[in-house]
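**Student:** fold the following, please.
(one chain, ligands or ions: 1)
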Amino acid sequence: MRKSPVIKTSLPGPNARKLINQDKTYVSPSYTRYYPLVVEKAKGLWVHDVDGNVFLDFTAGIAVCATGHCHPEVIRAVKKQAGLLLHMSGTDFYYRPQIVLAKKLAHLAPGKGNKKVYFGNSGAEAVEAAFKLARWHTKRELNLAFYGAFHGRTMGALSLTASKTIQKKHYNPLVPGITHIPYAYCYRCPYNLCYPTCGLGCVRWVEDTLFRTTIPPEEVAAIFVEPIQGEGGYIVPPPEFHKEMNNIAKKYGILYVTDEVQSGMGRTGKMFAIEHFGVDPDIIALAKGIASGMPLGALTARAEIMDWEAGSHASTFGGNPVSCMAALSTIELLEKELMENAAVQGKHLSDGLRELQQSHECMGDVRGKGLMVAVELVEDRETKAPARKLRSAIIRNAFQKGLLLLGCGENSIRFCPPLTVSGTEIDTCLSIFNDVIGMTTVK
Ligand SMILES: Cc1ncc(COP(=O)(O)O)c(C=O)c1O
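**Tutor:** Residues are numbered from 1 along each chain as shown. Prediction:
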């Protein structure tokens, strides 16, 4: 088994440089690339670039390749299905993979009673569908979402997003009727309170202030929430947060819609992150890790909520048979061992990062669940001034040393490796991260 990255060329290497130049000419400049990685192939946690360099991947292709890159069982399922049926469109016809996967997800989704499943191709599509279904079912026009939330970039999902202004710049007007409220970001409480003495002031504010002053709760269709905020900084709210927020939702007939696109499918050590918080959501949006890299989005909802009529929502490619078979294979692997591995190795990773925190003043906060872990970088632990430049420099230097990382929030680094990660691979990551923090300075 491979133990460490191999960097043979300067980065980017000559082949990578050529391709990046072509990319600059022909590919949309709207993408955000932290560093010049041009991938040729990948297996497990090891990514090979076009110059023969080998990197240790703690990004999983943005929290997607849950079973590791090109897991042999997923590849087998994909190949078999590709030889049988590539596409027929589950919106107008029936086929087995979509039905079997719907049954599996319906049984997996937390909460009693029958569930039904809608299929799209991405996270944004899953959220978009949730948004429309919430309106359809409740016949209400208003919605709540959270600051720091990322729900995708289509117009509806973007309207729920409140992550970075660049994502919204020049796209207004967006979908009206959405109010963003502060998330339970306890490391930097937006209300300057302290958990647990705050008594969850952020939740109480919704009922005591928002619903009494500007937002009639009877007009609110849904609260859209990430169980653990992803792009916002891998922010884990206090244990009672979702229960209390859901209680308020239930009191006023508001749907609780959890966006598990990033936190879902075993990453946190449970199939859905919301299971850590003891809440059964009304609707769950899924994508990313669901099909090990094949494009798929899904939405589960209680059967009585999914009451929309034929023709009210659909997508030509949604629920593609190859993607559905990849998802079934992925879920089988998650249930067999990978969810358990996420819990065990996630603890190993968090413990290791907390140990490094003892010797690196800039590691202000280490947080997460399972293999959804982040380090928030600060200039000073007292003032907590965000170390934005340092964060980006560390990520770039880690790449030079062969470790692939991504940022989240303004000044955090996320660690979201495939759930197949071994203890040795985590130790390699920790060792490189330690070296990189030690050597990185910014002006
Ligand atoms: C929580 C969450 N929801 C939705 C999305 C959008 O997913 P996609 O990029 O597949 O449209 C993302 C993507 O990062 C996400 O993290």
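**Student:** the closest residue to the ligand within the chain: what's it in contact with?
**Tutor:** Closest contact between the chain and the ligand, by CB to the nearest ligand atom, is at Gly123 (2.1 Å). For the C-beta atoms, the positions are set from N, CA and C on the backbone; glycine is no exception. Contact analysis of Gly123 by CB atoms under 8 Å, 6 or more residues apart in numbering lists His151, Gly152, Ala157, Asp259, Val261, Gln262, Ala285, Ala287, Lys288, Gly297.
**Student:** could I get the residues you listed as JSON lines with distance to the ligand?
**Tutor:** Formatted as JSON lines, the contacts of Gly123 follow (distance: CB to the nearest ligand atom, whole Å):
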{"residue": "His151", "distance to the ligand": "5"}
{"residue": "Gly152", "distance to the ligand": "4"}
{"residue": "Ala157", "distance to the ligand": "7"}
{"residue": "Asp259", "distance to the ligand": "5"}
{"residue": "Val261", "distance to the ligand": "3"}
{"residue": "Gln262", "distance to the ligand": "4"}
{"residue": "Ala285", "distance to the ligand": "7"}
{"residue": "Ala287", "distance to the ligand": "5"}
{"residue": "Lys288", "distance to the ligand": "6"}
{"residue": "Gly297", "distance to the ligand": "7"}
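**Student:** grab the nearest non-local neighbour of Gln400.
**Tutor:** In space, and not counting its chain neighbours, Gln400 is closest to Leu11: 5.8 Å by CB to CB, 6 or more residues apart in numbering.
**Student:** what about that neighbour, neighbour count?
**Tutor:** 21 (other CB atoms under 10 Å).
**Student:** do the same with Lys164
**Tutor:** Lys164: 15 surrounding residues under other CB under 10 Å.
**Student:** what's near enough to touch it?
**Tutor:** Per CB under 8 Å, 6+ apart, neighbours of Lys164: none.
**Student:** pull the number of nearby residues for the closest residue to Val117 other than its chain neighbours.
**Tutor:** Excluding the flanking residues, the one nearest Val117 by CB to CB, 6+ apart is Ala102, at 4.0 Å. Neighbourhood size, Ala102 [other CB under 10 Å]: 20.
**Student:** Ala102 and Ala109 touch, don't they?
**Tutor:** No. With contact defined as CB atoms under 8 Å, Ala102 does not reach Ala109; the gap is 10.7 Å.
**Student:** quick check: phi and psi on Leu299?
**Tutor:** Main-chain dihedrals, Leu299, degrees, to the nearest 10: phi -140, psi 120.
**Student:** what's the spacing between it and Pro321?
**Tutor:** 18 Å (CB to CB, to the nearest Å).
**Student:** hang on, Gly318 is in a helix, isn't it?
**Tutor:** No. Assignment of Gly318 by DSSP: H, G, I helix; E, B strand; the rest coil gives coil, placing it outside any helix.
**Student:** which SS class is the residue nearest to Val117?
**Tutor:** Here Ala102 is helix, with the state taken from three-state DSSP.
**Student:** show me the contacts for it.
**Tutor:** When contacts are counted by CB under 8 Å, 6+ apart, Ala102 touches Lys116, Val117, Phe119.
**Student:** check Val373 too.
**Tutor:** Val373 sits next to Tyr234, Gly346, Leu349, Ser350, Leu353, Val366, Arg367, Arg414, Phe415, Cys416 when contact means CB under 8 Å, 6+ apart.
**Student:** scan those and report the most crowded one.
**Tutor:** The most crowded member of the contacts of Val373, judged by other CB under 10 Å, is Cys416 (32 neighbours).
**Student:** which SSE is immediately downstream of the longest helix seen in the chain?
**Tutor:** Across the chain, the longest stretch assigned as helix under DSSP state H is helix 339-359. Sequence-wise, the next helix or strand downstream of helix 339-359 (DSSP states H and E) is strand 363-369.
**Student:** verify the stated contact: Gly253 with Thr138.
**Tutor:** Yes. Between Gly253 and Thr138 there is a contact under CB under 8 Å: 7.2 Å.
**Student:** these two: which is more packed in?
**Tutor:** Shown here are Gly253 and Thr138; by other CB under 10 Å, Thr138 has more neighbours (20 against 12).
**Student:** wait, doesn't the more buried one sit right on Glu219?
**Tutor:** No. The pair formed by Thr138 and Glu219 falls short of the contact definition of CB under 8 Å, at 9.3 Å.
**Student:** for this protein, which residues are neighbours of the ligand?
**Tutor:** Neighbours of the ligand within the chain, by CB under 6 Å from any ligand atom: 122-124, 127, 150-152, 226, 230-231, 259, 261-262, 287.
**Student:** let's see 5 Å
**Tutor:** With CB under 5 Å from any ligand atom as the criterion, the chain meets the ligand at residues Ser122, Gly123, Ala124, Phe150, His151, Gly152, Gly230, Asp259, Val261, Gln262, Ala287.
**Student:** mind listing what Tyr252 touches?
**Tutor:** Applying CB under 8 Å, 6+ apart to Tyr252 gives the contacts Phe211, Pro217, Glu218, Val220.
**Student:** where's Gly319 relative to Pro295, distance?
**Tutor:** Taking CB to CB as the measure, Gly319 falls 11 Å from Pro295.
**Student:** which of those two has more neighbours?
**Tutor:** Of the pair Gly319 and Pro295, Gly319 is the one with more neighbours under other CB under 10 Å, namely 27 against 18.
**Student:** doesn't Arg96 make contact with the more buried one?
**Tutor:** No. Here Gly319 does not reach Arg96: they are 11.4 Å apart, not a contact under CB under 8 Å.
**Student:** next, count neighbours for the nearest residue to Lys80 once chain neighbours are set aside.
**Tutor:** Excluding the flanking residues, the one nearest Lys80 by CB to CB, 6+ apart is Met325, at 7.2 Å. Residues lying near Met325 (other CB under 10 Å) number 27.
**Student:** and the residue nearest the centre of the chain, what's its pLDDT?
**Tutor:** The centre of the chain sits closest to Gln262, judged by CA atoms, centre = their mean, with a distance of 1.7 Å. Gln262 carries a pLDDT value of 98.
**Student:** contacts only, for it.
**Tutor:** Gln262 is in contact with Ala63, Gly123, Glu226, Ile228, Gly230, Glu231, Lys288, Met372, Cys416, counting by CB under 8 Å, 6+ apart.
**Student:** just to revisit the earlier point, pick out the most distant pair among the residues of the chain next to the ligand.
**Tutor:** Greatest spacing in the residues of the chain next to the ligand, by CB to CB: Ser122 and Gly230 (14.5 Å).
**Student:** these two: who's more crowded?
**Tutor:** Regarding Ser122 and Gly230, a neighbour count based on other CB under 10 Å identifies Gly230 as having more, with 31 against 21.
**Student:** which residues touch the more buried one?
**Tutor:** So Gly230 contacts Ala63, Phe150, Val261, Gln262, Ser263, Met372, Cys408 (CB under 8 Å, 6+ apart).
**Student:** what distance do you get for the fourth one to Gly156?
**Tutor:** The reference is to Gln262. For Gln262, the distance to Gly156 - CB to CB - is 18 Å.
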